[in-house]
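> I would like the atomic coordinates for the input below:
(one chain, ligands or ions: 1)
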Amino acid sequence: MSGAATTSDTGAGTSGKERRERPSTFALILNNRLAAAGLAVLGLIVLAAVAAPILPLADPNATDPANRLAPLLSEGHLLGTDALGRDMLSRLVWGTRVSLVVGFSASLIAALFGSAIGLVAGYAGGRSDQILMRLIDLMMAFPYILLALAIVAILGPGLVNALYAIAIVNVPFFARNIRGITVGLARREFVDAARLSGKGPLTILWSDMLPNVLPTIVITLSTTVGWMILETAGLSFLGLGAQPPQADLGSMLGDGRKVMFTAPTISLVPGLMIFLIVMSINLLGDGIRDALDPRLRSGALARPSFRTKVAKGRRMPGEDVEGADLPADAGGGVHPPLPAGNSPARGEIDGSGTSAAADLPPCGGDARQGRGGLPGTNTSSQTATPVLAVRGLETEFHMGSEVYHASNGVDLTIRPGECLGLVGESGSGKSVTAMSLMGLVPSPPGVIAGGRVGFKGEDLADAPDKRIRALRGGAVSHVFQDPLATLHPLFSVGDQIVEAIRAHQPLFKRAAETKARELLDLVRIPNAAQRMKALPHELSGGLRQRVSIAMALANDPELIIADEPTTALDVTVQAEVLRLLDTLRRERDTAVLFITHDFGVVSEIADRVAVMYAGRIVETGATDEILTDPAHPYTRMLIDCVPVMGEPERRLDAVPGRPPAANRLPPGCAFADRCPRVEADCRKGEIGLEDERGSLAARCLHPLAPGEALAGGPIPDGAGSGRPSGREVSP
Ligand SMILES: Nc1ncnc2c1ncn2[C@@H]1O[C@H](COP(=O)(O)OP(=O)(O)OP(=O)(O)O)[C@@H](O)[C@H]1O
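Take a look at the predicted model:
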């Protein structure tokens, strides 16, 4: 195990702790050097402005004509004096105080009214939206500075009137931004739920909409307050804001203009202060925006890179990698060393018979035949070189000072035409493991900290970006759970398949279109030619998933990674999609890594199963053996959670407790706290994935014997008969 954290906290007690350990917004801002610099500069300026009354400064309005235009560093006047002999340092500090108060107040007023208008217009829609937005458009039709001048002309010159003018001209900016977000939110299900719960519009606006738009308001505020200070200074510069003798930065700049050539420091000093304030606010505003963006809250403020970062000192599994003596067809077990150089082509049997995989016991197809002798079993997979051979994969998330071990030394092997089912509870690390293969885990915060990702003998963790780009969507393709989220909403499905084809094959558009139509036919989409023009939202969930499968097949992949592709579908459509995927992989000899939490689905499609828990493979073996007589108590409990059709009297169990937090994995067996067979030795040291019986290998010191029941747990009639039929609903 790689890991730093070895306390025995369980997940149950750590959620609050975890939350506290997540870097705070403030910590994230400090992580961003520019934002931290902005904060430091602004902090000093604000401190000086707030402390103005207690600082030993001269009266900012006291004139001294005899001492006019004194240079910098004059005696008693650090920043010199202005044309009336007033102390520049004192005027600068007091003027900054005024400018900051006016700028921030104008921003708050604009944010308050603008956001309220945006929220009401966006939520109410219809005529209210039309009227409010047309009024806002009317205001935006004038150049804002002209509008501000007109407002001050009507209200009369003065600092407070300048504040109103600046606030008013900025109201549309907030209103438009917030209205845009609110329109999207108002159609979301949680708002429907709030309506159904009987809440009135005002309550919904306050308790459901406002919290969702608040980060945007704060971000908009932080990025516009600098502008507002600048605009207020502009009005004062023109003599419409602060009136003599009161100083603000704009009026000081205006005073300096008259002696710009004889005493340039008079205008340079307030000009520099405006620059510092606006720059520091903008830098800080950008930092706040990044810190408040939930996608970037994980420790670094950089955008995710093209592929997952691979740690420089990546831990490499030795040939004596844990479990190395396991049967070679164990999904998460042990594997022959990766063949050097190019491996045989897909489906090709190593003619020499000396291939690392050539002497492996039968897997995949045999397992299926054993389960009912399904036709079309691929025999080449029994001897072919693995398409995928993952060794000791460790993927971590680095969040602040915490390290979350999502994949914690995972081994996987899949051969051509074979389907490996990766099963486990939510959060066990299935998706992260799958995403790590092609470097799709976002970095930051994701890091591949150890292991090899062998694809036909090549370690993908080491492969150049160009190679990864060529493989993605080419030899290795993905099918995700929610096609509506992964298909582009604005392009027809035909165009998207054509694009997928042409990204990897030098085909003219016509030829690619023909191929796309053939693919839609292949995945049995009726009226393929017409459906080519359909937008994703015009298709049913099942059809959309077929389109995703067609896209995944577009470039004749050797490995398909299917991440819960049927979870969002109803059982009948699910069965069709599974059948389709099963047939296609057999016909095309494609290896499939099928991720699911549903043992019913596993029994339908997988040749072998790897069960994951807390980032590790805890049991592997042929599907039939795992489903009939698992050795690991966790697998047994997972299977017992699945309802079996026709057995209404069978007690359904849930696995009690919760998995340990990935940043606090306990020593020994991570399942110990939830296991009815736990003994003292389970909580000590490393537990290897050991050979059990048949094809089974389990990471357990006290495995179940064939037919043995879990103490207190339900063992259905005839031990080991708790195998889901494939028609059940997942827990
Ligand atoms: N982008 C991320 N940043 C931080 N932690 C993450 C991120 N993605 C996943 N994790 C963490 O990694 C662990 C494994 O997550 P993963 O999505 O692989 O689980 P899973 O088994 O696929 O669950 P599910 O079936 O719900 O999809 C979880 O603890 C999860 O919180």
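> what does the model give residue 16 for pLDDT?
Looking at residue 16, its pLDDT reads 46.
> I meant residue 535, not that one.
Here, the pLDDT recorded for residue 535 equals 92.
> which residues touch it?
Taking C-beta atoms under 8 Å, 6 or more residues apart in numbering as the definition of contact, the neighbours of residue 535 are 489-493. Yep, even glycine has a C-beta here, placed from its N, CA and C like the rest.
> what do you get if the cut-off is 7 Å, keeping everything else the same?
Under the criterion of C-beta atoms under 7 Å, 6 or more residues apart in numbering, the neighbours of residue 535 are 489, 492.
> separation between it and the ligand?
Residue 535 sits at a distance of 27 Å from the ligand (criterion: C-beta to the nearest ligand atom, to the nearest Å).
> Phi first, then psi, for that residue.
phi -80, psi 150 (degrees, to the nearest 10).
> okay, and the helix or strand of the chain with the least pLDDT?
The element with the least model confidence among the helices and strands of the chain, by mean pLDDT, DSSP states H and E, is helix 365-370, at a mean of 33.
> Show me what whichever helix or strand comes after it is packed against.
Counting by DSSP states H and E, the next helix or strand C-terminal to helix 365-370 is strand 388-399. Using 3 or more C-beta pairs under 7 Å, 6 or more residues apart in numbering; DSSP states H and E, the elements in contact with strand 388-399 are strand 402-414, helix 430-437, strand 446-455.
> ok, residues contacting the second one?
It refers to helix 430-437. Residues outside helix 430-437 that contact it (C-beta under 7 Å, 6+ apart) are 308, 393, 395, 406-407, 410, 422, 424, 441, 448, 453, 460, 561, 563, 593, 595, 612.
> That one vs strand 446-455, what angle?
Between the direction of helix 430-437 and that of strand 446-455, the angle (axes from the mean of the first three to the mean of the last three C-alpha atoms, to 10 degrees) works out to 70 degrees.
> Which positions in helix 430-437 come out as buried?
Of the residues in helix 430-437, those with enough neighbours to count as buried (16 or more other C-beta atoms under 10 Å) are 430-437.
> does the ligand sit close to it?
Yes. Helix 430-437 comes into contact with the ligand when judged by C-beta under 6 Å from any ligand atom, the residues involved being 430-432.
> quick one: which of those residues is nearest residue 585?
residue 430 (18.9 Å; C-beta to C-beta).
> sorry, back to before: out of the helices and strands packed on strand 388-399, indicate the one that is most buried.
strand 402-414 (a mean of 26; mean count of other C-beta atoms under 10 Å).
> Parallel or antiparallel, which strands does whichever helix or strand comes after it pair with?
Following the chain from strand 402-414 toward its C-terminal end, the next helix or strand by DSSP H and E is strand 419-423. For strand 419-423, the paired strands and their directions (DSSP bridges) read strand 591-596 (parallel), strand 608-613 (parallel).
> out of the contacts of helix 430-437, which touch the ligand?
Restricting these to those near the ligand - C-beta under 6 Å from any ligand atom - leaves 406, 424.
> buried stuff in whichever strand or helix holds residue 165?
Under the assignment given by DSSP H and E, the secondary-structure element containing residue 165 is helix 159-186. Buried residues in helix 159-186, counted by 16+ other C-beta under 10 Å: 159, 161-179, 181-182, 185-186.
> State the distance from residue 292 to the ligand.
When distances are taken as C-beta to the nearest ligand atom, residue 292 and the ligand turn out to be 17 Å apart.
> same thing with residue 273?
Here the criterion is C-beta to the nearest ligand atom. By it, residue 273 lies 42 Å from the ligand.
> can you check residue 84 too?
Distance from residue 84 to the ligand, by C-beta to the nearest ligand atom: 60 Å.
> who touches the closest residue to the ligand within the stretch 451-600 of the chain in this structure?
Of all residues in the stretch 451-600 of the chain, residue 597 sits closest to the ligand, with a separation of 5.3 Å (C-beta to the nearest ligand atom). Counting by C-beta under 7 Å, 6+ apart, residue 597 touches 423-426, 730.
> quick revisit: deepest-packed of the strands paired with strand 419-423, please.
By mean count of other C-beta under 10 Å, the strands paired with strand 419-423 have strand 608-613 as the most buried, with a mean of 29.
> pLDDT (mean, whole number) over that one?
According to the model, strand 608-613 has a mean pLDDT of 95.
> So what's the gap between it and the chain middle?
Shown here is strand 608-613, whose average C-alpha point lies 25 Å from the average C-alpha point of the whole chain (C-alpha atoms, centre = their mean, to the nearest Å).
> And the contacts of that strand?
By C-beta under 7 Å, 6+ apart, strand 608-613 touches 329, 331-332, 363-364, 367, 412, 420-424, 428-430, 602, 617-623, 626, 632, 634-635, 659, 670-671.
> what's the answer for stretch 501-513, then?
When contacts are defined by C-beta under 7 Å, 6+ apart, stretch 501-513 is touched by residues 473-474, 494, 498, 515-516, 554-555.
> Which members of those residues occur in helices, if any?
Members of the contacts of stretch 501-513 lying in helices (criterion: DSSP state H): 494, 498, 515-516.
> Which positions in this protein make contact with the ligand?
Taking C-beta under 6 Å from any ligand atom as the measure of proximity, the chain contacts the ligand at 298, 397, 404, 406, 424, 426-432, 442, 445, 597, 662.
> run the last query once more with 8 Å
Applying C-beta under 8 Å from any ligand atom, one finds that the chain approaches the ligand through 298, 397, 399, 404, 406-407, 424-435, 441-442, 445-446, 481, 563-564, 595, 597, 612, 615, 661-662.
> In the lengthiest helix in the chain, which residues are buried?
Within the chain, and with DSSP H defining each element, the longest helix by residue count is helix 88-124. Neighbour-count burial for helix 88-124, counted by 16+ other C-beta under 10 Å, picks out 88-100, 102-107, 109-111, 113-124.
> same thing with stretch 34-44?
Using 16+ other C-beta under 10 Å as the burial criterion, the residues of stretch 34-44 that qualify are 35, 38-39, 41-42.
> Kindly report the same for stretch 661-677.
Buried residues in stretch 661-677, counting neighbours by 16+ other C-beta under 10 Å, are found at 661-675, 677.
> One more: stretch 126-145?
Residues 129, 132-133, 136, 139-140, 144 are the ones in stretch 126-145 that count as buried (16+ other C-beta under 10 Å).
> Among those residues, show me the least confident.
The member of the buried residues of stretch 126-145 with the lowest pLDDT is residue 144, at 79.
> doesn't residue 167 make contact with it?
No. Between residue 144 and residue 167 there is no contact under C-beta atoms under 7 Å: 11.6 Å.
> where's the closest residue to the ligand within the stretch 51-200 of the chain relative to residue 292, distance?
With distances taken as C-beta to the nearest ligand atom, the stretch 51-200 of the chain approaches the ligand most closely at residue 189, which sits 19.5 Å away. As for residue 189, its distance to residue 292 is 24 Å (criterion: C-beta to C-beta, to the nearest Å).
> Same drill for the two, tell me which one is more crowded.
Summary of the neighbour comparison: residue 189 and residue 292, criterion other C-beta atoms under 10 Å, with residue 292 having more neighbours (18 against 8).
> Verify the stated contact: that one with residue 219.
Yes. Here residue 292 reaches residue 219: they are 6.0 Å apart, a contact under C-beta under 7 Å.
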